[in-house]
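> With the sequence up front, the predicted model follows.
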Amino acid sequence: MPTVIAALVLSLLAGPAAAHEAEPHASVLVWSFDPWVVTPIAIVGLLYAIGSFRLWLRSRTSHGVTGRSALIWWAGWLVLAAALVSPLHFLGEHLFAVHMIEHELVMAVSAPLLVLSRPVGVLLWGLPRRIRRLIRRGMKEKFVQVAWDWLTRATVATLLHGAAIWVWHAPLLFDATLTDITVHRMQHLSFFMTALLFWWSMLWWSDRGAAAWHLFLTMLHTSALGALVALAPRVVYPVQTQTAPDWGLTQLEDQQLAGMLMWVPGGIIYGSAALALLALWIAKSSRGELHAGRFHSP
């Protein structure tokens, strides 16, 4: 365990120049520059920066980007980049426990922060005018609105997000992510996209009472999955845990720690969000507000 903690600390302090180290423990310093991951993250960050600047220039005649929205956006963006690009990602390919931390950061920290900032308008302003108008026109198409309304229904979003979590934690499929980079990309993409839909539905679309129920349900089923992983009597993820002994853990200990991380910290995040929404729903309802069910723009 001390070795694991030291590795995590080193991963946070590491720099790109440390890549390509040959020794196993030095490899914790490796940053990941998968172009299929780094490029979209960089492009989205650039679009938000350009869009914020353009809206700031127009702020005398229209609403600009609030400081709070920008702060929430960049916090979510940095967490996403840290999870998928920093040495945390490389270390996650060697320790199941760290891989679990990476997934929780993507689904339960970065995704809700990005959604909470409501970035769609700012991102559109980052595009050239002609493309921006084409996308806006497309967003108004009937079939697009129908599809979006269906995907962001609380039940649909909860089922999609839950299905992604359970399917990808099937041992054979999870282990396959370490031997096939395309499968690994698809796993992270499905986690992130379904998490965006889920949190959008919970924070901006659903009644707060219903959103609290779906968050509570998600806490229950992810905690159950974490408990199954943590309490398994034998190693069921042999590929993911095969290098755990290099970090002072047995394969079973690494698997148990990963399950505990999904069970407890992950459950706390979903449970806390459920309680917060429930408290807001009760407070607003008691005041008789007509639109108590949803948030207002930050």
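Ah, there it is. Numbering: from 1, shown residues only.
> Spell out which residues sit in contact with the residue nearest to Pro112 when sequence neighbours are not counted, please.
Closest residue to Pro112 apart from its sequence neighbours, by CB to CB, 6 or more residues apart in numbering: Trp199 at 4.4 Å. Where C-beta positions appear, they are placed from N, C-alpha and C, glycine not excepted. For Trp199, the contacting residues are Ala111, Pro112, Val115, Leu116, by CB atoms under 8 Å, 6 or more residues apart in numbering.
> if we go to 7 Å?
Ala111, Pro112, Val115 (CB atoms under 7 Å, 6 or more residues apart in numbering).
> so which of the residues you listed comes closest to Val236?
Nearest to Val236 out of those is Ala111 (CB to CB; 26.9 Å).
> Okay, now the unreliable bits of this protein?
Scanning the chain for pLDDT under 70 picks out 1-29, 60-64, 288-298.
> Do a quick rundown of the strands in it.
Per DSSP state E, the chain carries no strands over any range.
> Neighbours of Gln251, how many?
When counting by other CB atoms under 10 Å, one arrives at 19 neighbours for Gln251.
> Name the nearest residue to it, ignoring sequence neighbours.
Closest to Gln251 by CB to CB, 6+ apart is Thr241, at 3.9 Å.
> mind listing what the one you found touches?
Shown in contact with Thr241 (CB under 7 Å, 6+ apart): Phe96, Val235, Gln251, Asp254, Gln255.
> related to what we said a few turns ago, out of the contacts of Trp199, which is most surrounded?
Most neighbours among those, by other CB under 10 Å: Ala111, with 25 neighbours.
> if we can go back for a sec, quick check: the two most widely separated of the contacts of Thr241?
Phe96 and Val235 (9.7 Å).
> Of those two, which one has the most company?
Phe96 (30 against 19).
> Surely the more buried one and Gly259 touch.
No. Under the criterion of CB atoms under 7 Å, Phe96 makes no contact with Gly259, lying 8.8 Å away.
> could you dump the contacts of Trp199 to CSV with distance to Gly162?
Formatted as CSV, these follow (distance: CB to CB, whole Å):
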residue, distance to Gly162
Ala111, 14
Pro112, 16
Val115, 17
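> Show me those residues that map onto helices.
Ala111, Pro112, Val115 (DSSP state H).
> Looking at these, which is nearest Val65?
Using CB to CB, those come closest to Val65 at Val115, 15.7 Å.
> Show me which of the ones in helices among the contacts of Trp199 is closest to Leu160.
Ala111 (12.9 Å).
> List the contacts of that closest one.
Contacts of Ala111 by CB under 7 Å, 6+ apart are Phe192, Ala195, Leu196, Trp199.
> Quick check: the gap between the first one and Trp204.
Separation of Phe192 from Trp204 (CB to CB, to the nearest Å) stands at 17 Å.
> Please apply the same query to the third one.
Distance of Leu196 to Trp204, given as CB to CB: 11 Å.
> Between those two, tell me which one has more neighbours.
Between Leu196 and Trp204, counted using other CB under 10 Å, the more crowded position is Leu196 (19 against 16).
> isn't that one right up against Val115?
Yes. Look at Leu196 against Val115 with CB under 7 Å: they come within range, at 6.1 Å.
> Show the contacting residues for His221.
Contacts of His221 (CB under 7 Å, 6+ apart): Gly162.
> Just confirm Thr243 contacts Gly92, I think it does.
No. Using CB under 7 Å, Thr243 is not in contact with Gly92, being 11.3 Å away.
> Settle it for me: which of those two has more neighbours?
Gly92 (23 against 18).
> Could you check how far that one is from Leu124?
With CB to CB as the criterion, Gly92 and Leu124 are 33 Å apart.
> quick one: the helices in the stretch 101-250 of the chain?
For the stretch 101-250 of the chain, the helices defined by DSSP state H, counting those that start in this stretch cover 111-116, 120-125, 129-139, 142-151, 154-168, 171-176, 181-200, 208-231.
> Quickly compare those helices and say which is most buried.
helix 111-116 (a mean of 22; mean count of other CB atoms under 10 Å).
> Restricting to C-alpha, output it in CSV.
Taking Å, rounded to 0.1, in the frame of the first residue of the first chain, the C-alpha atoms of helix 111-116 are listed here in CSV:
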residue,chain,number,x,y,z
ALA,A,111,-18.9,15.0,-16.2
PRO,A,112,-21.2,16.7,-13.6
LEU,A,113,-18.9,19.8,-13.5
LEU,A,114,-18.9,20.1,-17.3
VAL,A,115,-22.7,19.7,-17.4
LEU,A,116,-23.2,22.2,-14.6
